[in-house]
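1. what shape does this take:
(chains A and B)
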Protein chains: 2
Amino acid sequence: MHITPEVTVAEFGERALIARIHNYLPYAQPSVIVGVGDDGAVVEQDRGMVTVITTDAAVEDIHFTQNSVPPHDIGYKALAMNLSDLAAMGSTPKYALLSLMLPSGLSVISLDEILKGFASLGNRYSVSLIGGNVTQSSGPLIIDITAIGSVHKRRILQRNGAQPGDCLYLSGSIGGAAAGLEIINKMKVSHGSDTYDTCRQRYLRPEPRVRLGTLLGRNRVARSCIDLSDGLIAAISQLSSSSGVGAALDAPTIPIEPGALKWFKNQGVDPMQAALSHSDDYELLFTVSSKKRRSLEAIRRLNKDIHITRIGTITKNREITLKSGNQEIPLPVGYEHFRQQ
Amino acid sequence: MHITPEVTVAEFGERALIARIHNYLPYAQPSVIVGVGDDGAVVEQDRGMVTVITTDAAVEDIHFTQNSVPPHDIGYKALAMNLSDLAAMGSTPKYALLSLMLPSGLSVISLDEILKGFASLGNRYSVSLIGGNVTQSSGPLIIDITAIGSVHKRRILQRNGAQPGDCLYLSGSIGGAAAGLEIINKMKVSHGSDTYDTCRQRYLRPEPRVRLGTLLGRNRVARSCIDLSDGLIAAISQLSSSSGVGAALDAPTIPIEPGALKWFKNQGVDPMQAALSHSDDYELLFTVSSKKRRSLEAIRRLNKDIHITRIGTITKNREITLKSGNQEIPLPVGYEHFRQQ
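-> The predicted structure is shown next:
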């Protein structure tokens, strides 16, 4: 069949669509004993290693719209969200299962782009597709992914290990994704190389901190770790409550993406408020004890392209405070999915 | 909050819904190192064992309607479909991840019922919920599950191991689920104990053949195995093409569910045609070499509640034929999801 932009997935059978998926996903880890094509996949774990499993879905109209996000980036980002979770556990990604719910009017060319986006990230991290499911959706386009990683049993990072006195660190910067989404929606013409392009990329193609996560698990440099999918405030709240501690954030040190700083100021919005409470920055937030500071310096040297910033301290007092000079600014509430505003 | 039938999931935040899910899923396997509540779950594999992973989704309007299937059975069946895939690989189910896409108008009571249905089957097989995701859906209700099982490396069942001369066996009966769906839709009043009740149950609450699957893997009694989710014809086609063989089915031996036989006859439909081509019977189709027939007899004695019927023979000739006396009946095409009819 000649594929024109008018050809929809409804004109393909399930098996033809699955065959199409396989074209983009040729890589198989040696540990895959049975791959795609049976009732289930079979994988083998290396001795001493344990398996990390996470799942996250990208749902049209809830997490993205087809107007704002090109199909390639829908596929890329759905996998990135999951790899970010694996990174926060200190694990190396190994396999993924891809569950697609496709509106019958979706063009086959869009599906191909989604798969190319998924594969572009998957191949970079040698992630093998070991299973999945293709079904029609009477409503939104949904990409639901289960990602599976591997980690040495003594190198697992959890969110519940923070202790009073630990320094609190953040990778990269925040606010970029939130600004990027607004920029995409409000400035229809993209100039590619303008000052806002980094923000657009932060929203559309976030970089999961896979290497950093595994390094933080080695020698147990980080005592606790969480990813920032739901925003910094949500992350620090969850890390603190899991660990039974509080945190004092030092506002001037919190790295806001420069384009986001400019964008929010121009919109008359407080950039700190916006950057703290919005989601979609897939950075790692982690704590390091004073004994491990030198190990962290070694990791910094190995990861020169990722800024690691100390943004506060873990406290015994279970409150979370944001200090700016002598002021203690009350924290905005973290973004929570689903509840009607 | 007092939960009346009018209270919808949209009035709950994501965390409140997740807390609700935890109420129904208290069981945790000892091999779960990190359970629900972190960025990912961490599980440990026993030595010599390998991990089987499968995923399948139940999508409203495609696989079920809320008019035909009570919420309890939606949750039950979504898990049953996945456990059936694990059984077909010879594995014991251990964990599940539950990804829910909920229309905002869904009542919290319906959600509770879905969870109770899921848990009723999960608890019977000691399946630990180790992760998941709750998100709003702008369209259909979707329950997407990833199920994970464990099997000894030498006991994996695959669909590609059939060899000419193997006997072909089927567990249980077919046609019941297809008749059950029609009965539910056409006979609004259910009489509970009438002759059609088995068919309704076969559609609403299929029994995954978990124990049979693991027994067939021990001592490698079955040389190949597949489950029947897409119907008998689809299953025998896939098993044969994976194995590079054909099959001769013996029509009079194929066990059609008695209620389905009666129902299809009353509807003026050929019961064999209907039973062969329809999906949703979660039985196992498997092949056994002549050397292993006695081992199969032992399994029969251990599984007296499940009929195991020889329905044909694997052939070198790669065609699939259905023999009835001296006639060779042409096979109807197996059900394939997604393609527009």
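2. now the residue of the stretch 51-200 of chain A found nearest chain B, nearest residue through space, not along the chain?
-> Closest contact between the stretch 51-200 of chain A and chain B, by C-beta to the nearest C-beta, is at residue A:139 (1.4 Å). No exception for glycine: its C-beta is placed from N, CA and C like everyone else's. Nearest residue to residue A:139, sequence neighbours excluded (C-beta to C-beta, 6 or more residues apart in numbering or on different chains): residue B:139, at 1.4 Å.
3. name the element that neighbour belongs to?
-> Using DSSP states H and E, no element contains residue B:139; it sits outside every helix and strand.
4. can you list the domain ranges for chain A.
-> A:9-155, A:167-329 (automatic domain parsing).
5. most centrally placed residue in chain A?
-> In chain A, the residue lying closest to the centroid (C-alpha atoms, centre = their mean) is residue A:81, at 3.2 Å.
6. my guess is it contacts residue A:228, does it?
-> No. Using C-beta atoms under 8 Å as the test, residue A:81 is too far from residue A:228 to be in contact (11.1 Å).
7. can you pull the residues that touch both of these two?
-> Each of residue A:282 lies in contact with both residue A:81 and residue A:228 under the rule C-beta atoms under 8 Å, 6 or more residues apart in numbering or on different chains.
8. please name the residues that touch the closest residue to residue A:37 other than its chain neighbours.
-> Closest residue to residue A:37 apart from its sequence neighbours, by C-beta to C-beta, 6+ apart: residue B:242 at 7.3 Å. Residue B:242 sits next to A:37, A:38, B:158, B:159, B:160, B:162, B:224 when contact means C-beta under 8 Å, 6+ apart.
9. distance of residue B:242 relative to residue A:317?
-> 62 Å (C-beta to C-beta, to the nearest Å).
10. could you pull out the strands for chain A?
-> Applying DSSP state E to chain A gives strands spanning A:32-34, A:41-43, A:49-59, A:92-103, A:128-137, A:142-152, A:167-171, A:224-227, A:246-250, A:284-288, A:308-315, A:320-324, A:327-329.
11. would you format the ones you listed as CSV with mean pLDDT, distance to residue B:197 and mean neighbour count included?
-> Formatted as CSV, those follow (pLDDT from 0 to 100; distance: least, C-beta to C-beta, whole Å; neighbours: other C-beta atoms under 10 Å in any protein chain shown):
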stretch, mean pLDDT, distance to residue B:197, mean neighbour count
strand A:32-34, 93, 38, 19
strand A:41-43, 96, 37, 24
strand A:49-59, 97, 36, 26
strand A:92-103, 96, 32, 25
strand A:128-137, 92, 29, 24
strand A:142-152, 98, 34, 26
strand A:167-171, 98, 59, 22
strand A:224-227, 98, 49, 28
strand A:246-250, 95, 58, 20
strand A:284-288, 98, 55, 27
strand A:308-315, 97, 60, 20
strand A:320-324, 91, 57, 17
strand A:327-329, 82, 64, 12
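12. turn these into TSV, columns for distance to chain B.
-> Formatted as TSV, these follow (distance: least, C-beta to the nearest C-beta, whole Å):
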stretch	distance to chain B
strand A:32-34	6
strand A:41-43	5
strand A:49-59	4
strand A:92-103	5
strand A:128-137	5
strand A:142-152	4
strand A:167-171	14
strand A:224-227	6
strand A:246-250	18
strand A:284-288	10
strand A:308-315	18
strand A:320-324	16
strand A:327-329	24
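13. between the ones you listed, which one is nearest to residue B:279?
-> Comparison of those against residue B:279 by C-beta to C-beta identifies strand A:128-137 as nearest, at 12.9 Å.
14. tell me the angle the closest one makes with strand B:128-137.
-> Interaxial angle, strand A:128-137 versus strand B:128-137 (axes from the mean of the first three to the mean of the last three C-alpha atoms, to 10 degrees): 40 degrees.
15. one step back: I'd assumed residue A:141 was in contact with the residue nearest to residue A:139.
-> No. Using C-beta under 8 Å, residue B:139 makes no contact with residue A:141, being 9.6 Å away.
16. between those two, which one's more packed in?
-> residue A:141 (24 against 21; other C-beta atoms under 10 Å in any protein chain shown).
17. quick one, what contacts residue A:227?
-> A:84, A:85, A:87, A:88, A:209, A:235, A:282, A:283, A:284, A:285, B:39.
18. if you rank the residues you listed by neighbours, which is first?
-> Result: residue A:88 is most packed of the contacts of residue A:227 (other C-beta under 10 Å), 34 neighbours.
19. so that residue versus residue A:239, what's the distance?
-> Note on residue A:88: its distance to residue A:239, by C-beta to C-beta, is 10 Å.
20. need the overlap of contacts for the two.
-> Residues touching both residue A:88 and residue A:239 (C-beta under 8 Å, 6+ apart) are A:159, A:226.
21. my guess is residue A:226 meets residue A:237, correct?
-> No. Between residue A:226 and residue A:237 there is no contact, the gap being 9.9 Å when judged by C-beta under 8 Å.
22. so for residue A:336, what's the pLDDT?
-> Residue A:336 carries a pLDDT value of 46.
23. same thing with the one 3 residues further on?
-> At residue A:339, the model reports a pLDDT of 42.
24. then residue A:16?
-> For residue A:16, the predicted pLDDT is 82.
25. near it, how many other residues are there?
-> 16.
26. with residue A:195 instead?
-> Using other C-beta under 10 Å, residue A:195 has 11 neighbouring residues.
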